[in-house]
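S.K.: structure here, sequence nowhere to be found:
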Ligand code: BTN
């Protein structure tokens, strides 16, 4: 990954730019920006991407997998960020399924996966990763929810070092996943999950579901047990975890 690499000073959103070029660049192309003027989060939210303090990057992947398996790529990115934070900061962060990285109960990183596909084939997947690394202030409305690695650990690091570690880990897990399947990744997703074992509420396509998150299944879906004892597999959705 990252053999084909582009660095921008200012851009609206690395995911937007990635979309424009995705058809004409190889698998593993990486786009990094110092600042985003219209950074996007999931569910149409915006993502604050101040100049020079975070990692705002998008990775273009062209795996030969089914469109419904794309959720696994988000999970690969999530475990890669957790491993990289461990390597560089020596602290353990956790994954709020499927795509938020949480440290000390606050969010330090978000992942926005977007894809172009046909019925049974992926054209490309864009994995947008935003990590709050050295940022030292957040707008009032995000305080208590968002934080940075610097604010939590008191150490400032070279963003290049963390970026390289994320990409190295992602390359390793991406290859392992393509060769061995999600089974290989699943135990790590479970081990690093902050969601499993907790009461959650999910706004999913199926409607609102409340229950206890019990595991992540072989497809990468979150398994939720409702009060009535029914087990449901959720492929995607907006999850709120009680206590977070
Ligand atoms: C979320 O938590 O809602 C996802 C946030 C994803 C932010 C990253 S920053 C790089 C890439 N470009 C974007 O516009 N968004 C993603």
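M.R.: Thanks, I have the structure now. Because the structure is a prediction, the values reported are computed rather than measured.

S.K.: show me where this protein has helices.
M.R.: Remark: helices assigned in the chain by DSSP state H are 14-21, 70-89, 149-153, 159-180, 182-191.

S.K.: quick one: closest of those helices to the ligand.
M.R.: helix 14-21 (4.0 Å; C-beta to the nearest ligand atom). C-beta: built from backbone N, CA, C; applies to glycine.

S.K.: list the buried residues of that closest one.
M.R.: Neighbour-count burial for helix 14-21 flags 14-19 (criterion: 16 or more other C-beta atoms under 10 Å).

S.K.: same question for stretch 176-189.
M.R.: Within stretch 176-189, the residues scored as buried using 16+ other C-beta under 10 Å are 177, 182, 185-186, 188-189.

S.K.: list the contacts for residue 16?
M.R.: For residue 16, the contacting residues are 38, 40, by C-beta atoms under 8 Å, 6 or more residues apart in numbering.

S.K.: related to what we said a few turns ago, of the buried residues of helix 14-21, list those near the ligand.
M.R.: With the criterion set as C-beta under 6 Å from any ligand atom, the members of the buried residues of helix 14-21 near the ligand are 14-15.

S.K.: I'd like the buried residues of helix 14-21 as TSV, with pLDDT appended.
M.R.: Formatted as TSV, the buried residues of helix 14-21 follow (pLDDT from 0 to 100):
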residue	pLDDT
14	98
15	98
16	98
17	98
18	98
19	98
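
S.K.: which one of the buried residues of helix 14-21 is nearest residue 128?
M.R.: residue 15 (4.1 Å; C-beta to C-beta).

S.K.: show me where this protein has strands.
M.R.: With strands called from DSSP state E, the chain shows them at 5-11, 29-36, 54-61, 94-96, 100-103, 106-117, 122-132, 199-204, 207-216, 222-225, 231-234, 238-241.

S.K.: now the ones you listed as a markdown table including distance to residue 45, mean pLDDT and mean neighbour count?
M.R.: A markdown table is the format used below for the strands of the chain (distance: least, C-beta to C-beta, whole Å; pLDDT from 0 to 100; neighbours: other C-beta atoms under 10 Å):
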| stretch | distance to residue 45 | mean pLDDT | mean neighbour count |
| --- | --- | --- | --- |
| strand 5-11 | 18 | 96 | 14 |
| strand 29-36 | 13 | 98 | 22 |
| strand 54-61 | 15 | 98 | 25 |
| strand 94-96 | 15 | 97 | 23 |
| strand 100-103 | 12 | 98 | 23 |
| strand 106-117 | 9 | 97 | 21 |
| strand 122-132 | 11 | 98 | 24 |
| strand 199-204 | 14 | 90 | 17 |
| strand 207-216 | 19 | 94 | 16 |
| strand 222-225 | 20 | 96 | 20 |
| strand 231-234 | 20 | 93 | 16 |
| strand 238-241 | 10 | 86 | 16 |
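
S.K.: neighbouring contacts of stretch 176-187?
M.R.: By C-beta under 8 Å, 6+ apart, stretch 176-187 touches 63-65, 69, 72, 75-76, 79, 173, 216, 218-220.

S.K.: the nearest residue to residue 196 once chain neighbours are set aside bridge partners, please.
M.R.: Nearest residue to residue 196, sequence neighbours excluded (C-beta to C-beta, 6 or more residues apart in numbering): residue 213, at 5.1 Å. Beta-bridge partners of residue 213, counted by DSSP bridges, are residue 224.

S.K.: surely residue 97 is in contact with residue 214?
M.R.: No: contact criterion C-beta atoms under 8 Å: residue 97 and residue 214 do not qualify, at 11.7 Å.

S.K.: could you name every residue contacting both of the two?
M.R.: Overlap of the contact sets of residue 97 and residue 214 (by C-beta under 8 Å, 6+ apart) consists of residue 196.

S.K.: make JSON lines out of the helices of the chain and add distance to residue 6.
M.R.: JSON lines is the format used below for these (distance: least, C-beta to C-beta, whole Å):
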{"stretch": "helix 14-21", "distance to residue 6": "8"}
{"stretch": "helix 70-89", "distance to residue 6": "18"}
{"stretch": "helix 149-153", "distance to residue 6": "24"}
{"stretch": "helix 159-180", "distance to residue 6": "13"}
{"stretch": "helix 182-191", "distance to residue 6": "28"}
